[in-house]
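*Asks:* I'd like to go over a predicted model; first the sequence, then the structure.
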Number of protein chains: 2
Amino acid sequence: MNIPFLTQDLKAEYELRVSKVRSQMQSGHLDAILIASPVNIFYMSGCIFRGYVYIPADREPVFMMIPPSQAPDHKQCIAIRKPEVIADKLGEIGYTIPSCIGLEYADMLYSDIERLKKCFPDTEFADASMAMRKSRMEKTDYEIVKMRQDGLHQAAVYAQVHKCYKEGMTDLEFQIEIERVLRREGCLGILRAAGNRMELNMGSVIAGDNADNPSPYDFSMGGEGTDPSLPVGANGAILKPGTAVMVDMNGGFNGYQTDMTRCWTIESVPDLASKAHECSRKILKRLEEIGKPGVPVSSLYKEAIEIVKADNLHEYFMGHAHKAGFIGHGVGIELNEIPVVMERSKDILAENMTIAIEPKFVIPHVGAVGVENTYRVTSAGLENLTVFPEDLTEL
Amino acid sequence: MNIPFLTQDLKAEYELRVSKVRSQMQSGHLDAILIASPVNIFYMSGCIFRGYVYIPADREPVFMMIPPSQAPDHKQCIAIRKPEVIADKLGEIGYTIPSCIGLEYADMLYSDIERLKKCFPDTEFADASMAMRKSRMEKTDYEIVKMRQDGLHQAAVYAQVHKCYKEGMTDLEFQIEIERVLRREGCLGILRAAGNRMELNMGSVIAGDNADNPSPYDFSMGGEGTDPSLPVGANGAILKPGTAVMVDMNGGFNGYQTDMTRCWTIESVPDLASKAHECSRKILKRLEEIGKPGVPVSSLYKEAIEIVKADNLHEYFMGHAHKAGFIGHGVGIELNEIPVVMERSKDILAENMTIAIEPKFVIPHVGAVGVENTYRVTSAGLENLTVFPEDLTEL
């Protein structure tokens, strides 16, 4: 098993992550955290294994592997068969079970949490999901390198999007060709997202009337999909002249992901669509300037709304028949990380937060337009990790 | 919104499902079930919407939609903004809140269940996940039609697998070409599975040494994957002469799925691999005969083991370095439904259960061989829904 956290050159990186988690534990009055979700196992170890990670306040974290995941020969690693032995195993290596353990309430199934609670009969429990999300919110320099790689791969794919198009294609046929390019570029082909409202295949291509179809999921844009069992994205309609085609495809290549949208047109589109697309670029340009550590996340949202109103495009912003309540979101191991860029956000921007900003417009009967980039927050403003031409060009 | 359960020709179908759920509610001493997971929302309605389905013992079920999902104008449908209003809304239409409500403990996040519990302060709760799984275990005739469609689509894709291969390709490149064919055939490109141990992109292609690499997930076969963030399946190795290539790709086209595996070889493989492949076919043939309503699921497992032992192939069965503890599983809306075909199963086969049976062998340095079909249980034995040649042929 490839275990990044045990390699010498990543030792400091994973110690840094432990210290970030401990700082959140302290704010949340947790004596320890016991992690089991794939996303947080990956965050703490750099790989996915079957088992648990136990992080106490003042001792080294313990990695517990359940077969077929094998515990390497290392003092911080223990082989276990089931969670019921965790307390005893920790006792054997001299760890005292503390009075309050944090568990991932928002990332684990109810039955799995109940099972874990029974393993520690004399302990109290509290939610550790928010502590883990906050730990992951500001990326380490190493994580930024990973996300920069994602952005380069994703841009390399978008550079081939125009080659994927053939006249008379459906939106879905177009998407399938992009999927192939993505996979050949190294995209892993899964979407990690929190909660049960983010089902999607490898991405979303929406065009024409379909852009105005609502979807039950928590994505910024909708689309009816091709089957009632997955009502999102491309619906199989032929890409007709006069429509705008929005391409928002998977950016996950290495356990992290970037989120990126570009739009193309089939022949020419009405001026309203071009104007809205330019408004999206104007918003991003302005937010790139003002998005610095210390700035309230809500001010990004408010600034965007001001620009939209000045251009008299509010009717179309973030949807037409149905509107999303946010214009951006944190992104990293999961697609929907914190902070959420919305009006009532209480978060403050900090160095190395990574945020996808997606001011989009739905123009009835034309389609969706706008640009989405994934940014790193720096003291000089937002640094774009998904650099690629942003203009609306013909396919 | 396309709402199958409200269409006249599917009315009887969805009433049948409600009666199946009620029968399980009675066995589980539940007065009502409140459903929120996408999988069970889809089962009760035929579509995915944001919201809840409430199924009492003696009144009609109520479908509660949260925007952007819109409640159609129908007496069984109610628009709500959040779960906190459910009790009041049910009261307004004359429904009494019962003393015990079932919630999906094994399909919902801990925090979501806790939130629902707070919405009914004077009610007790119990697990409804098993009741829903048991309701879904024996398919309706309509569901069988859906799964038959899946099997036909999947077989049509497998008929094109040999065209996806080019000499010198890696396993991953080969898989990507199959993915494209799958998507063009209508595969939706997502995998619905219960629990947090089933992460996978569009399927698994494993070959050569990689077949013996363990994976932390609950699939029958492993593979190291191409990144530690998704350690399963193809690992990017070139497909070399003398290796067996196992193709176990996504079979979901309409909300249901079939599960199907076929193997090919690169030039010729050692006799041991051919013998093991024939043993797999022998097992399937035998189980097809004996798999009838009333037969214990465990006897399928035991019969398979007897055949393997008679052929002296136990060392390679269901893995070599690491072994899976099951040879099959229920399949339907989710890939890992009940029953699980394992030695200690207490389930009894019943008409219209749909079960994937996958007697597979890992031959060191050669790869994995064997056949997987999805079957319907009938009084005449197992009916194959994934008909396609089963021999081991050269790519």
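*Replies:* On my side now, so go ahead. Numbering: from 1, shown residues only, chains lettered A, B, ... in the order given.
*Asks:* Could you use CA atoms for every contact and neighbour count after this?
*Replies:* Fine.
*Asks:* Just give the number of residues close to the residue in the stretch 1-150 of chain A that chain B sits nearest to.
*Replies:* Closest contact between the stretch 1-150 of chain A and chain B, by C-alpha to the nearest C-alpha, is at A:Tyr110 (3.8 Å). Under the neighbour criterion other C-alpha atoms under 10 Å in any protein chain shown, A:Tyr110 is assigned a count of 23.
*Asks:* Would you confirm that it contacts B:Leu116?
*Replies:* No - if you go by C-alpha atoms under 8 Å, A:Tyr110 and B:Leu116 don't touch, sitting 11.8 Å apart.
*Asks:* burial count for A:Arg59?
*Replies:* 10.
*Asks:* Show me what from the stretch 151-300 of chain A comes close to chain B.
*Replies:* Proximity of the stretch 151-300 of chain A to chain B, by C-alpha under 8 Å from any C-alpha of the partner chain, involves residues A:173, A:176-177, A:179-180, A:183-184, A:188-190, A:195-196, A:199-202, A:214-217, A:227-231, A:254-255.
*Asks:* Show me those residues that map onto helices.
*Replies:* A:173, A:176-177, A:179-180, A:183-184 (DSSP state H).
*Asks:* would you list every one of the helices in chain A?
*Replies:* Under DSSP H, chain A gives helices at A:11-27, A:38-45, A:86-92, A:110-118, A:129-137, A:141-158, A:161-164, A:171-185, A:271-290, A:297-310.
*Asks:* Show me what the first one is packed against.
*Replies:* Counting contacts by 3 or more C-alpha pairs under 8 Å, 6 or more residues apart in numbering or on different chains; DSSP states H and E, the secondary-structure elements packed against helix A:11-27 are helix A:38-45, helix A:129-137.
*Asks:* Can you list the buried residues in it?
*Replies:* Within helix A:11-27, the residues scored as buried using 16 or more other C-alpha atoms under 10 Å in any protein chain shown are A:13-14, A:17-18, A:20-22, A:24-25.
*Asks:* coming back round to it: any quick PyMOL command for the buried ones out of the residues of the stretch 151-300 of chain A next to chain B?
*Replies:* Selection of the buried residues among those in PyMOL, burial being defined by 16+ other C-alpha under 10 Å:
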select buried, chain A and resi 173+176+177+179+180+183+188+189+190+196+199+200+201+202+214+215+216+217+227+228+229+230+231+254+255
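*Asks:* who's in contact with A:Met353?
*Replies:* A:137-139, A:330, A:376-377 (C-alpha atoms under 8 Å, 6 or more residues apart in numbering or on different chains).
*Asks:* try 7 Å this time
*Replies:* A:137-139, A:376-377 (C-alpha atoms under 7 Å, 6 or more residues apart in numbering or on different chains).
*Asks:* burial count for the residue lying closest to it once chain neighbours are set aside?
*Replies:* Spatially, and ignoring its direct neighbours in sequence, A:Met353 is nearest to A:Glu138 (4.3 Å; C-alpha to C-alpha, 6 or more residues apart in numbering or on different chains). Counted with other C-alpha under 10 Å, residues neighbouring A:Glu138 total 24.
*Asks:* Likewise for A:Val157?
*Replies:* 23.
*Asks:* ok, it touching A:Glu179?
*Replies:* No - judged on C-alpha atoms under 7 Å, A:Val157 makes no contact with A:Glu179 at a distance of 9.2 Å.
*Asks:* rewinding a little: max pairwise distance over the ones in helices among the residues of the stretch 151-300 of chain A next to chain B: which two?
*Replies:* By the measure C-alpha to C-alpha, A:Glu173 and A:Arg184 form the most distant pair in these, at 17.1 Å.
*Asks:* With that, I have no additional questions.
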